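Peer 1: I'd like to go over a predicted model; first the sequence, then the structure.
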Amino acid sequence: MAFNPFEHRGIPIDDQFRNWGQLDVAPIDPDNSDPYTKCRIIALNGLEVEAIMFSHHFARMCPDIEAKRQLAKVRYVEQQQQKVVNWLLPGQASVLETTISYEQVATDLTGWVARMEPDPYLKACYEFGLLEDFDHLYRYANLYEMIEHRKAEKIVDGLTEVMPGRPTFQQHRNPVDNIREPYDREAAAPLSKLHALTVMATEQQTMNFYMNMGPLYMEPIARQLYQEIGMVEEEHVTHYESMLDPTETWYERLVNHEYNECYMYYSFMQTESDPRVKGIWELHLNMELEHLRIACDMMRQAEGRDPEAMLPRELPEPVTFEPNKAYIRELLSTQIDYTTLGTGIVWEAHERFEAMQDKINAERPSSEVVIDEHRHKFGDEYRLETEGPHPVARMRDKPYA
């Protein structure tokens, strides 16, 4: 049945504060849990972090003391939600294991969004980023076997293939070519706005994770790979955040954020295989329904506009984590050599791209060195090609370089 978030009051805000015992959730079982449960945890953590940081930035710009108080109250609950969500991750999982799950999120969430996106330009932007995160998964999987002597198939469970995407060394572009055209807030489909917020938030959390966790490794190749891919994540956040219409008001953005959180918790409730985790998603949905009501009231009071007029009264079809193997293989066979020029996606390497490549890749990049070292140590590279050989012939035996 269709779900209308505007019809549900949710839990009153003053009843949402939890004590330490309620916040101290048991983590999921790293050996027996569904890999997509871990992906849902990572994605929702990204959304909560984005909601918290957006609220802080809004508060710094907001002159209305009552609005700041409302933001502070909701933000405190969002912080508690983030603690519960992120603390579901198993403590015994290594940083690198969690990293591989982060890239599985980037691959299969962006793949689903790209398939469902109604706007052709925005769809092309998601497809462009997807092939780059897919390659990151392959690089980290090779590092994982080198450092921890285990294979990534245990983490991704055959749901996501592991093989080269658009080679990471080809992803370093002049920053001016990472800006995309924004959607039009008046004309864009509501689903497009939700997609853009979701992918931006998850990519931003990936960027933050690599910024903080990369230097915790002692192995030089690990430190170098996190540094290189971390710089690509900067490009990706720039890429996705520029797709949002900058003329949206602060209150409009607040409503979009809260509506999107309702949408994502509702979506993941539908497919969550762990009953305990599903109960957390349901609880948080009932909290977010109240956050949405508060945001709508704030917008009405500050701007005299009806927020319900800009968003669908029924949530769209649920976001689903599912394999995207055939879709990714089709993109690999047709778009692997794409780059960007201005706000467009182009086939040919151009002067500005080549100048950046010459500067950044003056020394052999770590994303290629990790494959070199894996081949030297094990005699080959790590791949998980469940659907047959790589669709691009030149990339079947070794990474394209």
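Peer 2: Yes, it's here.

Peer 1: ok, now which ones touch the residue nearest the centre of the chain?
Peer 2: Closest to where the C-alpha atoms of the chain average out (Cα atoms, centre = their mean) is residue 202, at 2.4 Å. Applying Cβ atoms under 8 Å, 6 or more residues apart in numbering, we find residue 202 in contact with 42-43, 46-47, 105-106, 109. C-betas here are computed from N, CA, C, even on glycine.

Peer 1: Which ones among those map onto helices?
Peer 2: Among the contacts of residue 202, the members falling in helices (DSSP state H) are 42-43, 46-47, 105-106, 109.

Peer 1: Show me where the stretch 251-400 of the chain has its strands.
Peer 2: 339-341, 344-346 (DSSP state E, counting those that start in this stretch).

Peer 1: To residue 239, which of these lies closest?
Peer 2: strand 339-341 (8.2 Å; Cβ to Cβ).

Peer 1: Residues in contact with that closest one: which ones?
Peer 2: Residues from elsewhere that reach strand 339-341 (Cβ under 8 Å, 6+ apart): 128, 170, 173, 177-178, 345-346, 348-350, 352-353.

Peer 1: Kindly recompute the last result at 6 Å.
Peer 2: Residues from elsewhere that reach strand 339-341 (Cβ atoms under 6 Å, 6 or more residues apart in numbering): 173, 177, 350, 353.

Peer 1: Just put those in TSV and tack on neighbour count.
Peer 2: As requested, the contacts of strand 339-341 are arranged in TSV below (neighbours: other Cβ atoms under 10 Å):
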residue	neighbour count
173	20
177	22
350	14
353	19
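
Peer 1: shouldn't residue 99 be in contact with residue 140?
Peer 2: Yes: contact criterion Cβ atoms under 6 Å: residue 99 and residue 140 qualify, at 5.3 Å.

Peer 1: Okay, now the unreliable bits of this structure?
Peer 2: Scanning the chain for pLDDT under 70 picks out 1, 398-401.

Peer 1: picking up where we left off before, Serialize the strands of the stretch 251-400 of the chain to JSON lines and add fields for mean neighbour count and distance to residue 264.
Peer 2: As requested, the strands of the stretch 251-400 of the chain are exported to JSON lines (neighbours: other Cβ atoms under 10 Å; distance: least, Cβ to Cβ, whole Å):
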{"stretch": "strand 339-341", "mean neighbour count": "21", "distance to residue 264": "28"}
{"stretch": "strand 344-346", "mean neighbour count": "14", "distance to residue 264": "27"}
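
Peer 1: Out of these, flag the one nearest residue 119.
Peer 2: Closest among the strands of the stretch 251-400 of the chain, using Cβ to Cβ: strand 344-346, at 13.9 Å.

Peer 1: What helices and strands are in contact with that closest one?
Peer 2: Judged by 3 or more Cβ pairs under 6 Å, 6 or more residues apart in numbering; DSSP states H and E, strand 344-346 is in contact with no other helix or strand.

Peer 1: Contacts made by it with the rest, please.
Peer 2: 124, 128, 338.

Peer 1: Tell me the strands beside that strand, with direction?
Peer 2: strand 339-341 (antiparallel) (DSSP bridges).

Peer 1: what about residue 191, helix or strand, and which?
Peer 2: Per DSSP states H and E, residue 191 falls inside helix 190-213.

Peer 1: Now do the buried residues in that helix.
Peer 2: Under the neighbour-count criterion of 16 or more other Cβ atoms under 10 Å, helix 190-213 has 190-210, 213 buried.

Peer 1: between the next helix or strand after that helix and helix 190-213, what angle do the directions make?
Peer 2: The first helix or strand that comes after helix 190-213 along the chain, using DSSP H and E, is helix 220-241. Interaxial angle, helix 220-241 versus helix 190-213 (axes from the mean of the first three to the mean of the last three Cα atoms, to 10 degrees): 150 degrees.

Peer 1: What lies in contact with helix 220-241?
Peer 2: 129, 136, 143, 171, 178, 180, 199-200, 203-204, 206-207, 210-211, 214, 217, 365-367, 370.

Peer 1: before we move on, back to that, just the CA coordinates of the helix holding residue 191, formatted as PDB?
Peer 2: In PDB, the C-alpha atoms belonging to helix 190-213 read as follows (Å, rounded to 0.1, in the frame of the first residue of the first chain):
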ATOM      1  CA  PRO A 190      10.400  15.000  -6.800                       C
ATOM      2  CA  LEU A 191      12.100  11.600  -7.200                       C
ATOM      3  CA  SER A 192      15.100  13.300  -8.800                       C
ATOM      4  CA  LYS A 193      15.500  15.600  -5.800                       C
ATOM      5  CA  LEU A 194      15.400  12.500  -3.500                       C
ATOM      6  CA  HIS A 195      17.900  10.700  -5.600                       C
ATOM      7  CA  ALA A 196      20.400  13.600  -5.600                       C
ATOM      8  CA  LEU A 197      20.200  14.000  -1.800                       C
ATOM      9  CA  THR A 198      20.700  10.300  -1.200                       C
ATOM     10  CA  VAL A 199      23.700   9.700  -3.500                       C
ATOM     11  CA  MET A 200      25.300  13.000  -2.400                       C
ATOM     12  CA  ALA A 201      25.000  12.000   1.300                       C
ATOM     13  CA  THR A 202      26.400   8.500   0.800                       C
ATOM     14  CA  GLU A 203      29.300   9.800  -1.300                       C
ATOM     15  CA  GLN A 204      30.000  12.500   1.300                       C
ATOM     16  CA  GLN A 205      30.200  10.000   4.100                       C
ATOM     17  CA  THR A 206      32.600   7.900   2.000                       C
ATOM     18  CA  MET A 207      34.800  10.900   1.500                       C
ATOM     19  CA  ASN A 208      34.700  11.600   5.300                       C
ATOM     20  CA  PHE A 209      35.500   8.000   6.100                       C
ATOM     21  CA  TYR A 210      38.600   7.900   3.900                       C
ATOM     22  CA  MET A 211      39.700  11.300   5.100                       C
ATOM     23  CA  ASN A 212      39.800  10.100   8.700                       C
ATOM     24  CA  MET A 213      40.600   6.400   8.400                       C
END
